[in-house]
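Student: I would like to see how this sequence folds:
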Amino acid sequence: MILDTLRFVSLLLAALASGVVLSHVLERPGKLALAPATYVEVQQTLFRTYGTAVGALETLALLTTAAWWALDRGWLVGVAALADAAMIGIWAIWINPINQRVNRWRADNLPFDWALLRDRWEMLHTVRAILSVVALCALLLTVSVVHS
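Tutor: Reported below is the predicted structural model:
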């Protein structure tokens, strides 16, 4: 019963996390078409609350998946936990420092490397989306193939 509940919660959190990360990829074409000042205003306005909420969601997804793996030891669950950990690591090491810089920018006075940082931010979120989908698929395969 505990393992079944853990599987359900882990899958739910993994799906929610994937949805959020995929939203960054889906909005990319529209954001890249924005004027530089508008892009910065959008980043500073829309993503102000993402860090705390999404950070908690992704951390809980990792913790529940790691707990599932600790009880089950299925290799696909281990892959999911590693993918979740890598996704969080990418945010902590590369994306969050960019976020902190962008939040200090003034829309009317952007740094010379703003486009490079924008493109890096977008690319890193694409990598995170791939990792998130890998994690979700590994968990789905575990419950649909391995445990059927």
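Student: Find me the pLDDT at the spatially most central residue of the chain, would you?
Tutor: Most central in the chain under CA atoms, centre = their mean is V21, positioned 4.3 Å from the mean C-alpha point. Predicted confidence (pLDDT) for V21: 95.
Student: Can you give the distance from the biggest helix by length in the chain to the centre of its chain?
Tutor: Looking only at the chain and at elements set by DSSP state H, the helix with the highest residue count is helix 2-32. Shown here is helix 2-32, whose average C-alpha point lies 7 Å from the average C-alpha point of the whole chain (CA atoms, centre = their mean, to the nearest Å).
Student: Same question for stretch 57-74.
Tutor: The chain centre lies 16 Å from the centre of stretch 57-74; the measure is CA atoms, centre = their mean.
Student: Could you check how many residues crowd around R106?
Tutor: Neighbouring residues of R106 were enumerated by other CB atoms under 10 Å; the total is 10. (Glycine included, C-beta is placed from N, CA and C.)
Student: quick one: the residue lying closest to V9 once chain neighbours are set aside from D72, how far?
Tutor: Closest residue to V9 apart from its sequence neighbours, by CB to CB, 6 or more residues apart in numbering: T64 at 5.1 Å. T64 sits 12 Å away from D72, taking CB to CB, to the nearest Å as the criterion.
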